[in-house]
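Visitor: Structure for this input, please:
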Amino acid sequence: MEGDSAGGAGKEAAVEETAAMLPAVEKAMHVLVAIDDSEESFNALQWVLDKILKPKSAAETAAAAGEQESKLITIVHVVEPLPRYAFPGGYVVESSTKAQEQNAARILSRAFDMCRDTSVKAKTLILEGDPKDRICRAVEEMNVNLLVIGSRGLGQIKRAFLGSVSDYCSHHAKCPVLVVKPPAKKKSS
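Guide: Predicted structure coming up:
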């Protein structure tokens, strides 16, 4: 057990060191966080807010005020279009589309509130299409410096059949991609 905690402390130190270096790379950093209705995506947003965009100390808060202005976080939610063949009646399509829009607004509202609570300026965006393609296209169109995406921890078999948005984006996005894994579940004794 001691070996595990020492290794975990080393990993945590490496993560902290990496996070500390990221904002210093570029003054005008534009971070895009892809959000869906999973807790993993909100965990990824919280990680960015805590580790990358938050000033380190009270002394740095005043100095970071100007720097914080040069950091932009965009929160993106991608809505998949409904297949038209599945819903022949117009009312069903309209109703389902409205429900999707309300769900997207709820998701982005929660994410925006998280940013506001940490005094980080953010803008939200709803896109329509295949999440994998739309996220990668948004990165390119918006000149994003860092894409942050949560990982659901799919196994190899599920990932092979269902596909993984984070895996696809890490291979196709035209910027560095940070995949935030879910926090380790604490074992109860």
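
Visitor: rest of the way, CA atoms for contacts and neighbours
Guide: Noted.

Visitor: Quick one: mean pLDDT over stretch 167-176.
Guide: Here stretch 167-176 scores 91 as its mean pLDDT.

Visitor: what's the answer for stretch 34-43, then?
Guide: 92.

Visitor: Give me the distance between the two termini of that stretch.
Guide: The first and final residues of stretch 34-43 sit 11 Å from each other (CA to CA, to the nearest Å).

Visitor: who touches it?
Guide: Residues outside stretch 34-43 that contact it (CA atoms under 8 Å, 6 or more residues apart in numbering): 45, 75-78, 107-108, 111, 135, 147-152, 180-182.

Visitor: So in the protein, which helix runs the longest?
Guide: Secondary structure of the chain per DSSP state H: the longest helix is helix 90-117.

Visitor: Please spell out which residues along that helix are buried.
Guide: Going by neighbour count (16 or more other CA atoms under 10 Å), the buried part of helix 90-117 is 93, 97, 100, 104-105, 107-108, 111-112, 114-115.

Visitor: quick check, nearest of those residues to Lys54?
Guide: Within the set of those, Cys115 lies nearest Lys54; the separation is 10.3 Å, counting by CA to CA.

Visitor: Isn't the closest one up against Ser109?
Guide: No: under the contact definition of CA atoms under 8 Å, Cys115 does not touch Ser109, with a separation of 9.9 Å.

Visitor: just the strands in the protein please.
Guide: 30-34, 72-79, 122-128, 146-150, 177-180 (DSSP state E).

Visitor: Below-threshold pLDDT in the chain: ranges please.
Guide: In the prediction, the chain carries residues with pLDDT under 70 at positions 1-27, 55-70, 83-93, 153-163, 187-189.

Visitor: quick one, what contacts Pro176?
Guide: Contacts of Pro176 were listed using CA under 8 Å, 6+ apart, and they are 145-147, 170.

Visitor: cutoff 7 Å now
Guide: Shown here is Pro176, whose contacts under the criterion CA atoms under 7 Å, 6 or more residues apart in numbering are 145-147.

Visitor: Perfect, that will be all.
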